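**Student:** Quick check, what structure comes out for this input:
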Amino acid sequence: MTASSFVERHGLWSDAQRAAARHAVQEITARGIECIRFSFADQHGLLRGKTIAAAALPDALANGVTVVSTLFAKDTSHKTVFPVFTAGGGFGMAEMEGGADAVIVADPTTFRVLPWAPDTAWLLCDAYFANGKPVPFDTRRICRIALERLADTGHDFVAGLEIEFHVFKVTEPRLRPTDSGQPGEPPEVSLLSTGYQLLSESRYDQIDPVMEILRRDLAQLDLPLRSFEIEYGPSQLEITLSALPGLGSADAMVLLRSAVKQICRRHGYHATFMCRPRLPNVMSSGWHLHQSLTLRANGLNAFVPERAGEHLSPVGRQYLAGLLDHARGASAFATPTINGYKRYRPFALAPDRATWGRDNRGTMLRVLGGAGDPGTRIENRLGESAANPYLYFASQIHAGLDGIARGLDPGSAADTPYDARAPMLPRSLEEAIACLREDPAMRAGFGDAFVEYFSQIKEAEIARFNLEVTEWEHREYFDMF
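**Tutor:** Now for the predicted structure:
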């Protein structure tokens with residue numbers, strides 16, 4: 001790689017990344033890999049990018065791959081919601097005018113060979129402008145900034161993941177021209193299992209042919225796979241991942257979701273991380289985020305209390321209090337879809353207010369472990385499986401850091417969480433966006449510009465939703481009036 005390359009000119013790689021790049025090139029040559037996907041996680045946590053021929057890899061590694069910057073201006077329907085052909089591109093930034101190029105630069109340490117895609121490798125990327133400045137809407141970078149602020153306090157973030165999702169059999173792919181649109185029609189599906197039989201071995205065996213496909217391919221991605229489970233509802237599954245340090249765990253979540261969807265579709269199945277599909281009898285899917293802090297000085301869990309009978313250390317309690325205090329403001333990052341708010345309801349193993357409890361699944365924050373337990377952690381049950389992990393993690397870090405900085409106290413545990421006198425969680429994405437805008441720790445952590453950017457994208461989705469005539473409205477009013 002020459003000193004005039006984009007990567008070297010702007011000092012974008014560490015020595016470890018340079019070594020990883022050399023290893024990736026060797027692997028690609030040795031395995032006869034024909035193409036490499038350069039992907040980045042967009043504002044929704046979805047992977048986008050380009051596929052590069054192996055012969056073009058050296059230049060792509062050295063100089064990045066150009067993509068249209070309007071990818072950062074789109075809502076979940078892929079509609080551009082900012083006026084990119086005006087001065088500043090709708091962002092007040094010359095770099096975004098006119099749909100100018102952005103450059104995605106590979107992080108070579110993320111190199112993978114995709115077991116389901118013949119002769120294909122994959123690299124996760126970070127986004128920059130052509131002048132070398134980081135794209136401020138690159139959510140992986142935003143998470144990295146949060147982790148750096150946490151590191152300044154002498155701590156690292158560790159996360160373990162429980163991800164619920166559905167897998168169905170595709171019965172009609174809906175690929176007629178009339179099914180196209182923005183967005184297009186989803187496929188018609190049938191169940192793989194009926195419910196409700198949580199952790200039933202017979203149901204697991206029934207769905208094992210799909211799990212076998214997923215296990216085989218996911219294992220080759222070096223993800224920290226921990227368990228494969230039957231969830232409560234029909235055709236509902238759960239995969240859990242063991243704990244990893246901050247950015248690694250977020251990267252794993254992005255790769256897992258994309259891999260599961262791609263693997264399943266190649267075999268005639270449809271996997272969805274949508275919270276509550278509009279199908280009879282199905283259950284909501286959540287994402288339970290297990291988190292703790294470790295001490296940078298020695299790697300020990302900073303949440304473990306010293307005295308018997310205590311659930312968390314003083315810093316753990318302050319972090320917990322921060323999560324509670326900013327639960328409403330962070331909800332938009334934990335549950336960023338309109339559909340996700342259909343999950344919050346009393347007595348449904350999903351929280352409806354900001355509470356904490358000792359091993360209580362009705363609370364928003366479930367504290368596990370205690371004195372002498374190196375696995376002591378906080379489980380946040382607020383999130384949906386569709387959340388962007390980089391933003392979700394960053395929201396937790398900023399909230400927890402504020403709790404530590406202000407020495408907050410979480411108060412007593414809620415033994416009856418659905419009756420507790422505690423702040424109610426937002427009941428809609430619209431309310432969550434309003435809470436985000438009013439939250440000082442979220443605005444300070446993410447920056448005013450990003451909060452407004454994210455809010456504008458979500459408000460565009462809400463506006464489109466409000467213009468739709470739903471089946472509920474038709475049933476409620478068409479005959480009545």
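
**Student:** What segments of the stretch 51-200 of the chain are helices?
**Tutor:** Counting by DSSP state H, counting those that start in this stretch, the stretch 51-200 of the chain has helices at residues 57-63, 139-151.

**Student:** contacting residues for residue 195?
**Tutor:** By Cβ atoms under 8 Å, 6 or more residues apart in numbering, residue 195 lies in contact with 232-236, 281-283. Quick note: C-beta positions are derived from backbone N, CA and C, even for glycine.

**Student:** Looking at those residues, which is nearest residue 144?
**Tutor:** residue 236 (32.9 Å; Cβ to Cβ).

**Student:** Could I get the contacting residues of the closest one?
**Tutor:** Residue 236 sits in contact with 164-166, 195, 230, 282-283, 285, where contact means Cβ under 8 Å, 6+ apart.

**Student:** just the residues you listed now: which is nearest residue 303?
**Tutor:** residue 164 (24.7 Å).

**Student:** before we move on, back to that, can you check which of the helices of the stretch 51-200 of the chain gets nearest to residue 358?
**Tutor:** That would be helix 139-151 among the helices of the stretch 51-200 of the chain, by Cβ to Cβ, at 25.0 Å.

**Student:** buried sites along the closest one?
**Tutor:** 139-147, 150 (16 or more other Cβ atoms under 10 Å).

**Student:** Please pick out the residue of the chain most distant from its centre.
**Tutor:** Distance from the centre of the chain peaks at residue 481, with 43.2 Å (Cα atoms, centre = their mean).

**Student:** quick one: which of the helices of the stretch 51-200 of the chain is nearest residue 170?
**Tutor:** helix 139-151 (30.1 Å).

**Student:** Need the residues that contact the closest one.
**Tutor:** Taking Cβ under 8 Å, 6+ apart as the rule, helix 139-151 contacts 40-43, 45, 124, 126-127, 134-135, 156-157, 246-247, 250-251, 293, 296, 388-391, 393-394, 397-398, 401, 445-446, 450.

**Student:** quick one: buried residues of the helix or strand hosting residue 397?
**Tutor:** Assessed by DSSP states H and E, residue 397 sits inside helix 389-405. For helix 389-405, burial by neighbour count (16+ other Cβ under 10 Å) applies to 389-404.

**Student:** Quick check: PyMOL command selecting the buried ones in the contacts of helix 139-151.
**Tutor:** Of the contacts of helix 139-151, the buried ones go into a single PyMOL selection, burial set by 16+ other Cβ under 10 Å:
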select buried, resi 40+41+42+43+45+124+126+127+134+135+156+157+246+247+250+251+293+388+389+390+391+393+394+397+398+401+445+446+450
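
**Student:** ok, now which ones touch the nearest residue to residue 100 once chain neighbours are set aside?
**Tutor:** Spatially, and ignoring its direct neighbours in sequence, residue 100 is nearest to residue 69 (5.4 Å; Cβ to Cβ, 6 or more residues apart in numbering). Shown in contact with residue 69 (Cβ under 8 Å, 6+ apart): 84, 89, 95-96, 99-102, 129, 135.

**Student:** List the contacts of residue 382.
**Tutor:** 327, 330-331, 334-335, 351, 364, 425.

**Student:** Okay, now the unreliable bits of this structure?
**Tutor:** 1, 199 (pLDDT under 70).

**Student:** sorry, back to before: by neighbour count, which of the contacts of residue 195 wins?
**Tutor:** residue 235 (30 neighbours; other Cβ atoms under 10 Å).

**Student:** Does that residue touch residue 165 like I think?
**Tutor:** No: applying Cβ atoms under 8 Å as the test, residue 235 and residue 165 come out as separate, 9.7 Å apart.

**Student:** Now do the phi/psi pair for residue 291.
**Tutor:** The phi/psi pair for residue 291 (degrees, to the nearest 10) reads phi -140, psi 150.

**Student:** Now it. Nearest residue, chain neighbours left out?
**Tutor:** residue 159 (5.1 Å).

**Student:** quick one: contacts for that neighbour?
**Tutor:** 243-244, 246, 249-250, 289-291, 393.

**Student:** try residue 368
**Tutor:** With Cβ under 8 Å, 6+ apart, residue 368 has these contacts: 290, 359, 375-379.

**Student:** Give me the buried entries from the residues you listed.
**Tutor:** 290, 376-379.

**Student:** How about residue 79, nearest residue that isn't a chain neighbour?
**Tutor:** That would be residue 182: by Cβ to Cβ, 6+ apart, it lies 6.1 Å from residue 79.

**Student:** coming back round to it: need the contacts of residue 195 in CSV with distance to residue 272, can you?
**Tutor:** Converted to CSV, the contacts of residue 195 look like this (distance: Cβ to Cβ, whole Å):
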residue, distance to residue 272
232, 16
233, 12
234, 13
235, 10
236, 10
281, 15
282, 10
283, 13
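
**Student:** Out of these, which sit inside strands?
**Tutor:** residue 236 (DSSP state E).

**Student:** Okay, angle between the longest strand anywhere in the chain and helix 139-151 too, please.
**Tutor:** Ordering each strand of the chain by length in residues (DSSP E) puts strand 155-172 first. Relative orientation of strand 155-172 and helix 139-151, computed by axes from the mean of the first three to the mean of the last three Cα atoms, to 10 degrees: 150 degrees.

**Student:** Give me the buried positions along strand 155-172.
**Tutor:** Buried-residue list, strand 155-172, by 16+ other Cβ under 10 Å: 155-170.

**Student:** now the angle between helix 389-405 and it, please.
**Tutor:** Using the same axes, to 10 degrees: strand 155-172 against helix 389-405 is 150 degrees.

**Student:** Could you tell me which strands sit next to strand 155-172 in the sheet, and their orientation?
**Tutor:** Using DSSP bridges, strand 155-172 pairs in its sheet with strand 188-190 (antiparallel), strand 236-245 (antiparallel), strand 269-272 (antiparallel), strand 287-295 (antiparallel).

**Student:** quick one: residue 328 and residue 375, what's the gap?
**Tutor:** 29 Å (Cβ to Cβ, to the nearest Å).

**Student:** Would you map the strands across the stretch 1-150 of the chain?
**Tutor:** Here the stretch 1-150 of the chain has its strands, by DSSP state E, counting those that start in this stretch, at 35-41, 47-53, 65-68, 101-106, 112-113, 120-129.

**Student:** Strands of the stretch 351-481 of the chain, start to end?
**Tutor:** 356-358, 365-368, 377-380.

**Student:** Now these in CSV, please, with extra columns for distance to residue 438.
**Tutor:** Output for the strands of the stretch 351-481 of the chain, formatted as CSV (distance: least, Cβ to Cβ, whole Å):
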stretch, distance to residue 438
strand 356-358, 22
strand 365-368, 21
strand 377-380, 21
